[in-house]
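In: I'd like to go over a predicted model; first the sequence, then the structure.
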Amino acid sequence: MHEALPYRTLAPWLEARFGGPVHRVALDAGSSCPNRDGTKGFGGCTYCDVEGSGTGALKSGLELARQLDEGLARVARRGPGVRAIAYLQSYSNTYVPLERLSEVLGVLEPWIERPDAPLAALSIATRPDTLPDESLRLLEELGRRIEVWVELGLESASDEVQRRIRRFHTLADFHDAARRVRQAGLVCIAHAILGLPGDGREGARATALELARAGVEGVKVHQLMVLKRTQLARDWRAGALELLDEPTYVEWLADFVERLAPEQVLHRLTGDADADALLAPLPAFDKSRVRAALARELDRRGTRQSSAR
C-alpha cells in the first residue's frame, strides 16, 4: 500500500501498469551526441560528464547483450515475479544509423514474449532533435510487441538557457518530438533540470507548464549538479555559478509540481551521482528527505500537483 501524496509518483503507477514491482536495467550502447561529435558542438552540454550520465559499462568491455543478461539476472534475484525495464540511458540513443539502432533493439529479442516475461518495457533516452522518423518507426514496430518509452531531454523551456548550457536544441524541437512519440503510440517521458544558469524560479515554472502542454506521460526532474570533468565545473570553481540548496530546491520543485498536468507521473524528484564525481551541491540531496519535504511544502501551501494550472 502506497502512502497518499499530493503528487503522482512512479511506484504505484508501475504496479498498476505491470501488475507488480519493476526495476530498471541501465544499458550503455556506446551512442554519441551532436554536441560532442562537432555536428552542433564539442564537449557536450555544460553539465554533462564524459560518460553522458551513463553506466560506464561500455568502457568495461561488456557487450550490450551481456549487459542486459547480467542486469536481468540481478533483477531476478529480487524475487519471483519482479520484472525489468531495459533502459538505454547514455547519450542520445537514436543518434545512430538506422542499422545500428536495429542492431541495438535486436538485443531485446531473446527476452520478448518469453512465457516468464522478465522484460516489461524498453526505455530509450534521446534528444528531441535526434529522433528521425525512420528511427521512430522502428520503435513503433517494437512497441507492438513490448511497451516502449521514449525519454526526451528538455531540461529548460528557454531557448536562451539551452544556448547558454550549450545544448543547442529548441523548445519547438521538443514539442515536435513529443507529439510524434505520442502519435506513434509510445510512452513519452521528459527530463527537466531546476537551477540551470539564467533560468531562475520563473524558468522552472515555465518548464513545467510546457511539459503539461506537451502532454508527456512522465516527468523526470532534478537539481542542477556540478560533476567533475564537466564545463560547468570550471564556472563553479571560479565562483561564477550559484546552486540551489535543498530547502530552496524543494520550494522551486513545489512550484514546478503545481504546474504539471494532474495525470503526469513523476518518475524522479532528485538527481544523484557517484560520490567521487559530485563536486556540488554538498552534501548530496537525500531522495527520501526531498520527497517528504515536497509533500509538507504542498500541504503548507494547501496545493497539490496541477493546482496552479
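Out: Okay, I see it.
In: pretty sure Gly203 is in a helix, no?
Out: Yes. Remark: Gly203 belongs to a helix, assigned using DSSP: H, G, I helix; E, B strand; the rest coil.
In: Let me know the distance separating the residue of the chain positioned farthest from its centre from Leu10.
Out: Distance from the centre of the chain peaks at Pro115, with 29.8 Å (CA atoms, centre = their mean). To Leu10, Pro115 is 27 Å away according to CB to CB, to the nearest Å. Quick note: C-beta positions are derived from backbone N, CA and C, even for glycine.
In: Next: Val181.
Out: Val181 is 19 Å from Leu10, by CB to CB.
In: Which of the two has more residues huddled nearby?
Out: Val181 (28 against 15; other CB atoms under 10 Å).
In: how about the strands in the stretch 201-309 of the chain?
Out: Along the stretch 201-309 of the chain, counting by DSSP state E, counting those that start in this stretch, strands occupy 218-223, 226-227, 265-268, 278-280.
In: for those strands, which one sits closest to Arg291?
Out: Closest to Arg291 of these is strand 265-268 (CB to CB; 9.6 Å).
In: any idea of the mean pLDDT for the closest one?
Out: The pLDDT scores in strand 265-268 average 98.
In: would you put the C-alpha positions of that strand in PDB?
Out: Extracted C-alpha coordinates of strand 265-268, given in PDB (Å, rounded to 0.1, in the frame of the first residue of the first chain):
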ATOM      1  CA  VAL A 265       3.700  10.800 -13.300                       C
ATOM      2  CA  LEU A 266       6.800  12.000 -11.500                       C
ATOM      3  CA  HIS A 267       9.500   9.400 -12.300                       C
ATOM      4  CA  ARG A 268      12.200  11.200 -10.400                       C
END
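In: Which neighbouring elements make contact with it?
Out: helix 10-18, strand 218-223 (3 or more CB pairs under 8 Å, 6 or more residues apart in numbering; DSSP states H and E).
In: Swap in 10 Å and give it another go.
Out: Applying 3 or more CB pairs under 10 Å, 6 or more residues apart in numbering; DSSP states H and E, we find strand 265-268 packed against helix 10-18, strand 187-194, strand 218-223, helix 246-258, helix 287-301.
In: Let's have the ones you listed in a markdown table, adding mean pLDDT and distance to Leu108.
Out: Shown next, in a markdown table, are the helices and strands packed on strand 265-268 (pLDDT from 0 to 100; distance: least, CB to CB, whole Å):
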| stretch | mean pLDDT | distance to Leu108 |
| --- | --- | --- |
| helix 10-18 | 94 | 16 |
| strand 187-194 | 98 | 16 |
| strand 218-223 | 98 | 20 |
| helix 246-258 | 98 | 33 |
| helix 287-301 | 97 | 29 |
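In: Same list, the ones you listed, but as TSV with distance to Tyr95 please.
Out: Shown next, in TSV, are the helices and strands packed on strand 265-268 (distance: least, CB to CB, whole Å):
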stretch	distance to Tyr95
helix 10-18	26
strand 187-194	16
strand 218-223	19
helix 246-258	28
helix 287-301	30
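In: Among those, which comes closest to Gln231?
Out: Closest approach to Gln231 among these is made by strand 187-194 (14.7 Å; CB to CB).
In: between the closest one and strand 218-223, how many degrees?
Out: 20 degrees (axes from the mean of the first three to the mean of the last three CA atoms, to 10 degrees).
In: Export strand 187-194 to CSV, keeping only CA atoms.
Out: What follows is strand 187-194, C-alpha atoms only, in CSV (Å, rounded to 0.1, in the frame of the first residue of the first chain):
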residue,chain,number,x,y,z
VAL,A,187,5.0,6.5,-23.8
CYS,A,188,6.8,9.8,-23.7
ILE,A,189,8.9,10.9,-20.7
ALA,A,190,10.5,14.3,-20.4
HIS,A,191,13.5,15.5,-18.4
ALA,A,192,13.9,18.8,-16.6
ILE,A,193,16.7,20.4,-14.5
LEU,A,194,15.9,23.1,-12.0
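In: Which strands or helices does that strand pack on?
Out: Contact partners of strand 187-194 among helices and strands, from 3+ CB pairs under 10 Å, 6+ apart: strand 119-126, strand 147-155, helix 171-183, helix 200-214, strand 218-223, helix 246-258, strand 265-268.
In: could I get those as TSV with distance to Phe18?
Out: Shown next, in TSV, are the helices and strands packed on strand 187-194 (distance: least, CB to CB, whole Å):
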stretch	distance to Phe18
strand 119-126	5
strand 147-155	8
helix 171-183	20
helix 200-214	24
strand 218-223	14
helix 246-258	24
strand 265-268	13
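In: do you know which of these lies nearest Lys40?
Out: Nearest of the helices and strands packed on strand 187-194 to Lys40, taken as CB to CB: helix 171-183 at 11.5 Å.
In: Fine by me, we can end here.
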